[in-house]
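**Student:** What follows is a predicted structure for the sequence shown.
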There are 2 protein chains.
Amino acid sequence: MKTEIRSFFDSVRPAIDRSLEELLPPDTTPPSELHRAMRYSVLAPGKRLRPALCVASYSIYHEDYRPILPVASSLELAHTYSLIHDDLPAMDNDDFRRGMPSCHRQFGEAIAILAGDALLTLALETIASSVHFEAGRLNHAMARLARALGTRDGMIAGQVRDLAAEGQQLDVLELEAIHRSKTGALLSTSVWIGAWLGGADASELEALLRFGQKIGLAFQIVDDVLDETASRETLGKTAGKDRERRKATYPALLGIEKSRGSVRKLTEQARDAILPLGGRAELLIGISEFLETRCN
Amino acid sequence: MKTEIRSFFDSVRPAIDRSLEELLPPDTTPPSELHRAMRYSVLAPGKRLRPALCVASYSIYHEDYRPILPVASSLELAHTYSLIHDDLPAMDNDDFRRGMPSCHRQFGEAIAILAGDALLTLALETIASSVHFEAGRLNHAMARLARALGTRDGMIAGQVRDLAAEGQQLDVLELEAIHRSKTGALLSTSVWIGAWLGGADASELEALLRFGQKIGLAFQIVDDVLDETASRETLGKTAGKDRERRKATYPALLGIEKSRGSVRKLTEQARDAILPLGGRAELLIGISEFLETRCN
């Protein structure tokens, strides 16, 4: 990882963690068990990739990134909601997440369902309550986020397709379509929201959205590759689970080496998309390179 | 039911149903199974009480209530999300809802969880996308709604407390605290949002919020009484379930007659709260009287 992007992560991750800590209700206030579950899942060590993308994108337009922190952190709340619900026995039935027992293993199913619900609700409450941005812009950001999380090419659509596809033969295009909605929509929207609230113009927004789509897909391929090659300790979740469940993955369809090649190509395309932004986009480029190196 | 309030319900309910029909994604677009589940649960015959309260409250300030319909309908989407999740096996484990198999009985647990998630997301997307109101007002309405649905004295807090209280001895004050958050917060917020987007001033908003809180509690007592006295056919959900599960209810604590007395008293207090609004509030008063007569 280059020095610059390392120092960005070194400064922005703790800032996001502090912001998350402030947004989450304390577990000393009732309902304590629920608040404990929310904090347990959100504050577990994570890459904070979605907030980092949002902050990096906002930083193209503003040196001081503090105003965007609550909105950026909301993206992590929304992401964690999806992880908690995806891990439930009725869904992917995963026992481990971020190196610890998954939320329902630790707190029971009822609390896990409600903790997910509460995190989604808190994410949207946080954005609606933000005081740093013009109300019309915030509304539009919220509508975009809700769409990215929703059933029309958003996260929920991806999860439904993913569940339906288990044990099915998919080709690369079908797999790509799942990931575009399941993880790509929120990742690219994270980039988009940072730029939108930062004041980007229409052509910049379009370029940044394309960047987000490319690295969103690259990220998912990296994830698939790591599921094959890494141990549970490195991964923080059950490894090899995709294969065991006969899930379609990039390594299963293309092999590990070709998958890595796709990551390289997508990272390049992502970088090309934001070339017009020049040096101002170096943080985003740094993040894309960091993602690329994860699977090597 | 008085003629006036009957004709209000006769005109507003179909308008809300049409608006819901338009907001919900068609079940011909993928993911079809999920969209089918969302439509199944939302479009089942219901009282549409929350949208009706919102419309009635908005109608104090505007003759044409069409602009508020999407926002009002979002309250029904959010309400239905909570019903679907509450009915899940890990929660209240209810097999019937609105006279039909509950969502997870019909579509399986995974789809039911996701349908609930999707309805909450769609509710907030709908409000954020509304074009009829000033953006700052919309943001504030959304923040209020998210709070009413959340963990700090909102719906989720109430559900957690309700689950924790099963089989426990509660007194009337503790029971009231559960209902204030579990159903009262969304009901009173429905009244509040209609007035807020209608342009009410601060003292009117306060009076209407008080009205909403009183009828919110009355509504819950009526629900408890009906659970004791009505059949499944009338109720549309499993009757007598509260008693079977040794849930604290008003009839269990106070007896049927005293519970009915409380409903009368709360309805009176609700009416008193909005007396200063005079004849403009007659629709809301009509709704409160309609709720009162349900349990006689």
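**Tutor:** Great, that's in hand. Residues are numbered from 1 along each chain as shown, chains lettered A, B, ... in the order given.

**Student:** The top helix by length along chain A: how far from the chain's middle?
**Tutor:** Secondary structure of chain A per DSSP state H: the longest helix is helix A:202-229. Relative to the centre of its chain, helix A:202-229 is centred 10 Å away, using C-alpha atoms, centre = their mean, to the nearest Å.

**Student:** Mind checking the pLDDT average for that helix?
**Tutor:** Averaging pLDDT along helix A:202-229 yields 94.

**Student:** List the buried residues of it.
**Tutor:** Across helix A:202-229, burial judged by 16 or more other C-beta atoms under 10 Å in any protein chain shown covers A:204-205, A:207-228. (Glycine included, C-beta is placed from N, CA and C.)

**Student:** again with stretch A:272-283
**Tutor:** A:273, A:274, A:277, A:281, A:282, A:283.

**Student:** Please tell me how far that stretch is from the chain's geometric centre.
**Tutor:** 21 Å.

**Student:** end-to-end on it?
**Tutor:** Across stretch A:272-283, the straight-line distance between its terminal residues is 14 Å, by C-alpha to C-alpha, to the nearest Å.

**Student:** does the closest residue to residue A:287 other than its chain neighbours sit in a helix or strand, and which one?
**Tutor:** Setting aside the residues directly before and after it, residue A:287 is nearest to residue A:56 in space (C-beta to C-beta, 6 or more residues apart in numbering or on different chains), at 5.9 Å. Assessed by DSSP states H and E, residue A:56 sits inside helix A:49-58.

**Student:** list the helices and strands that helix packs on?
**Tutor:** helix A:3-23, helix A:69-87, helix A:185-198, helix A:202-229, helix A:282-294 (3 or more C-beta pairs under 8 Å, 6 or more residues apart in numbering or on different chains; DSSP states H and E).

**Student:** if you set the cut-off to 6 Å instead, what comes out?
**Tutor:** helix A:3-23, helix A:69-87, helix A:185-198, helix A:282-294 (3 or more C-beta pairs under 6 Å, 6 or more residues apart in numbering or on different chains; DSSP states H and E).

**Student:** what residues are up against residue A:3?
**Tutor:** By C-beta atoms under 6 Å, 6 or more residues apart in numbering or on different chains, the contact set of residue A:3 is empty.

**Student:** Could you rerun that using 10 Å?
**Tutor:** With contact set as C-beta atoms under 10 Å, 6 or more residues apart in numbering or on different chains, residue A:3 has these partners: residue A:286.

**Student:** Give me the neighbour count for residue A:34.
**Tutor:** 27 (other C-beta atoms under 10 Å in any protein chain shown).

**Student:** My reading is that it lies in a helix. Confirm?
**Tutor:** Yes: counting by DSSP: H, G, I helix; E, B strand; the rest coil, residue A:34 is found in a helix.

**Student:** quick one on the thing from earlier: can I get the helices and strands packed on helix A:49-58 in TSV with mean pLDDT?
**Tutor:** What follows is these, written out as TSV (pLDDT from 0 to 100):
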stretch	mean pLDDT
helix A:3-23	91
helix A:69-87	98
helix A:185-198	98
helix A:282-294	91
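
**Student:** Turn these into CSV, columns for distance to residue A:179.
**Tutor:** Shown next, in CSV, are the helices and strands packed on helix A:49-58 (distance: least, C-beta to C-beta, whole Å):
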stretch, distance to residue A:179
helix A:3-23, 24
helix A:69-87, 14
helix A:185-198, 10
helix A:282-294, 14
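
**Student:** can you tell me which residues contact the nearest residue to residue A:52 once chain neighbours are set aside?
**Tutor:** Computed as C-beta to C-beta, 6+ apart, the closest residue to residue A:52 that is not its neighbour in sequence is residue A:12, at 5.8 Å. Residue A:12 makes contact with A:48, A:51, A:52, A:55, A:56, A:59, A:65, A:69, A:72, A:283, according to C-beta under 10 Å, 6+ apart.

**Student:** Understood, closing this out.
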